[in-house]
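Visitor: Pasting the sequence and the predicted model now:
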Amino acid sequence: MLTRFEAEQAHELDALRPTLAALAAREDSIGRLVQRRLRTMDDGAFLENVETVGKLRDRLRGHVESESITADIALIDSVLQRIELRMASFVDLTERVDDLLGPAPGAATPALPRKQYGATRWDRAEVRLRELLYVEQWDYSGEGMGRKVLTPRADVFRGTQLAALFDYVETHAEAMLRPRFTFYWGFLTDEPLDIHIFGGILPELMGTLYLTLGAILFAVPIGIVAAIYFTEYARPGRIVTFLRTCVSTLAGVPSIVFGMFGLAFFLNVCHMPKGVLAGALTLSLVILPTIIRASEEAIRAVPHTYREAALGLGAGRWHTIVTVILPAALPGILTGTVISMGRAAGETAPIIFTAAASVAATLSLNPLAAWNQPTGALSWNIYNLCTEHEAVNEIRHVQFGMVAVLVTVVLLLNGFAIVFRARIAKKLKG
């Protein structure tokens, strides 16, 4: 395409040869100057000849006898301006076509995947199609703010072989570029490519799984033990009142404060690396009040007759709690635990400073190898891709996909809690 376009523009440059030949026929310094330039043009390529004529025009403008050839200089200048405008427009048009349709067949493959396929989403294809068909300019001739003016790009190429390109692309763009509807399972199982412009979200899924399960692993035992203490062992008094106040206060602390605490304590004081362990411990503090309160209410809901019957049969207090009370309270404890899992999966602020990374490798399936690695997470990467990504508008599908996956995960956890609680309650009643 470039060769054909250059051949068309070479005809315009050839139209200057009679004028240049007339100038070369002069028996003065102007003639000798033009003669030297013409000799270099005979063997030069098109772009080299354009550069040569441009330098000749500049030399003629500065010549002491330039007033005698003003008309010739004006003619050379007008032809060069048309050629330079079209060449600059052609280079810009080539870039626009590549952005819309991808590299031409046989062209070198770009290093970045985003440059290899053109516009892969229809809404972005419409934007790039408009950029190809029109040149955006601003008119400041009126009063107040400037007015955006769209000038058809086809006007620049009228009379050339490229003039037909614009109508063809505008007519057939939807047939060429509108994607077919499909369900892409690789979105859940593939690694991201080109910082999430292509590929899947496997690292974020694995990171969310590790952080959520790690937080539950640390928070649930502590929460259940604290609930047992408050309901079965603690006597009313100032210490118990103070501890309950601390739990209530902890439930109302903003999550960013937990993140700063995790940074200050786990990373700076305990010298843990930024990774899954520090993030899970921070998240466990976030969900700990919910687990304590849910477990406490579940234990209180167990009928007092269960305790009396176990004690009457000679069981000790701890044996009664472990074998009678906790199994009866298990549905309520599980409900609080799963709700806490949903919150841990959706938290962003606590892991910003302790675990999250914008670009991270997929965690190993071996927890011992993954505990000290920073990781992506659905909640963090949703925020990151929506606010800090260099191509925010190009990856809306990834942003919406991550949100859909996160909401689905939370809903599945809540659904699992409802079903599991109902089965355990039915088994206990039986």
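Guide: Alright, I've got the coordinates.
Visitor: tell me, how many neighbours does Gly59 end up with?
Guide: You called it Gly, but residue 59 is Arg. Number of residues near Arg59 (other CB atoms under 10 Å) recorded here: 14. For every residue, glycine as well, the C-beta is placed using N, CA and C.
Visitor: Equivalent analysis for Arg61, please.
Guide: Using other CB under 10 Å, Arg61 has 13 neighbouring residues.
Visitor: if I look at it, how far off is Thr245?
Guide: 87 Å (CB to CB, to the nearest Å).
Visitor: repeat for Leu188
Guide: Using CB to CB, Leu188 is found at 44 Å from Thr245.
Visitor: Point out where the stretch 101-250 of the chain drops to low pLDDT.
Guide: Along the stretch 101-250 of the chain, segments meeting pLDDT under 70 span 144.
Visitor: And the strands in this protein?
Guide: Taking DSSP state E to define them, one finds strands in the chain at 134-139, 147-152, 192-193, 198-199.
Visitor: looking at those, which is closest to Arg293?
Guide: strand 192-193 (38.3 Å; CB to CB).
Visitor: what about stretch 133-144, distance to the chain center?
Guide: For stretch 133-144, the separation from the chain centroid amounts to 32 Å (computed by CA atoms, centre = their mean, to the nearest Å).
Visitor: Just the CA coordinates for that stretch, please, in CSV.
Guide: What follows is stretch 133-144, C-alpha atoms only, in CSV (Å, rounded to 0.1, in the frame of the first residue of the first chain):
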residue,chain,number,x,y,z
LEU,A,133,-12.7,8.1,9.3
TYR,A,134,-12.4,11.6,10.8
VAL,A,135,-9.7,14.0,11.9
GLU,A,136,-10.6,15.6,15.2
GLN,A,137,-9.8,19.3,15.4
TRP,A,138,-10.8,22.2,17.7
ASP,A,139,-12.3,25.4,16.5
TYR,A,140,-11.5,28.4,18.8
SER,A,141,-12.8,31.1,16.4
GLY,A,142,-15.9,31.8,18.4
GLU,A,143,-16.3,33.1,21.9
GLY,A,144,-16.0,30.9,24.9
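Visitor: Leaving out sequence neighbours, find the closest residue to the residue positioned nearest the centre of the chain.
Guide: When CA atoms, centre = their mean is applied to the chain, the residue found nearest the centroid is Leu385 (3.5 Å). Distances taken as CB to CB, 6 or more residues apart in numbering place Gln399 nearest to Leu385, at 5.2 Å, with adjacent residues excluded.
Visitor: Hmm, Cys386 and the one you found touching each other?
Guide: Yes - with contact defined as CB atoms under 8 Å, Gln399 counts as touching Cys386 (5.4 Å).
Visitor: In the protein, where's the longest helix?
Guide: helix 396-429 (DSSP state H).
Visitor: Remind me what that helix packs against, helices and strands.
Guide: helix 202-228, helix 326-346, helix 378-387 (3 or more CB pairs under 8 Å, 6 or more residues apart in numbering; DSSP states H and E).
Visitor: Pull the distance from the last one to the chain's centre.
Guide: On the basis of CA atoms, centre = their mean, helix 378-387 sits 7 Å off its chain's mean C-alpha point.
Visitor: Can you give me the buried ones in that helix?
Guide: Leu378, Ser379, Trp380, Asn381, Ile382, Tyr383, Asn384, Leu385, Cys386 (16 or more other CB atoms under 10 Å).
Visitor: Could you pull up the contacting residues of the second one?
Guide: Ser379 makes contact with Thr208, Ala345, Gly346, Glu347, Thr348, Ile351, Leu406 under the criterion CB atoms under 8 Å, 6 or more residues apart in numbering.
Visitor: Highest neighbour count among those?
Guide: Ile351 (33 neighbours).
Visitor: Spatially, and excluding backbone neighbours, which residue is closest to that residue.
Guide: Sequence neighbours aside, Gly279 is the residue nearest to Ile351 in space, at 4.4 Å (criterion: CB to CB, 6+ apart).
Visitor: doesn't Ala357 make contact with that neighbour?
Guide: No - in this structure Gly279 lies outside contact range of Ala357 using CB under 8 Å: 10.4 Å.
Visitor: Spit out the residues that contact the two alike.
Guide: Thr375.
Visitor: Just the CA trace of stretch 16-33, in PDB.
Guide: Taking C-alpha atoms only, stretch 16-33 is exported to PDB below (Å, rounded to 0.1, in the frame of the first residue of the first chain):
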ATOM      1  CA  LEU A  16       7.700  19.900 -11.000                       C
ATOM      2  CA  ARG A  17      10.400  18.700 -13.400                       C
ATOM      3  CA  PRO A  18       9.600  21.200 -16.300                       C
ATOM      4  CA  THR A  19       9.800  24.000 -13.800                       C
ATOM      5  CA  LEU A  20      13.100  22.700 -12.300                       C
ATOM      6  CA  ALA A  21      14.400  22.100 -15.900                       C
ATOM      7  CA  ALA A  22      13.700  25.700 -16.800                       C
ATOM      8  CA  LEU A  23      15.500  26.900 -13.700                       C
ATOM      9  CA  ALA A  24      18.500  24.600 -14.500                       C
ATOM     10  CA  ALA A  25      18.700  26.200 -17.900                       C
ATOM     11  CA  ARG A  26      19.600  29.600 -16.500                       C
ATOM     12  CA  GLU A  27      23.200  30.700 -16.900                       C
ATOM     13  CA  ASP A  28      23.700  31.900 -13.400                       C
ATOM     14  CA  SER A  29      24.200  30.500  -9.900                       C
ATOM     15  CA  ILE A  30      20.500  29.500  -9.600                       C
ATOM     16  CA  GLY A  31      20.900  27.300 -12.700                       C
ATOM     17  CA  ARG A  32      24.000  25.700 -11.400                       C
ATOM     18  CA  LEU A  33      22.400  25.000  -8.000                       C
END
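Visitor: Need the contact partners of that stretch.
Guide: Outside stretch 16-33, the residues that reach it (CB under 8 Å, 6+ apart) are 34-35, 37-38, 53, 56, 59-60, 63, 65, 69, 72, 75-76, 79.
Visitor: Out of those residues, which two sit at the greatest distance?
Guide: With CB to CB as the measure, no two of the contacts of stretch 16-33 lie farther apart than Glu65 and Val79, at 21.5 Å.
Visitor: List the contacts of the closest residue to Asn384 other than its chain neighbours.
Guide: Nearest residue to Asn384 in three dimensions, chain neighbours excluded: Ser358, at 5.2 Å (CB to CB, 6+ apart). Neighbouring residues of Ser358 by CB under 8 Å, 6+ apart: Ile195, Gly376, Asn381, Asn384, Glu388.
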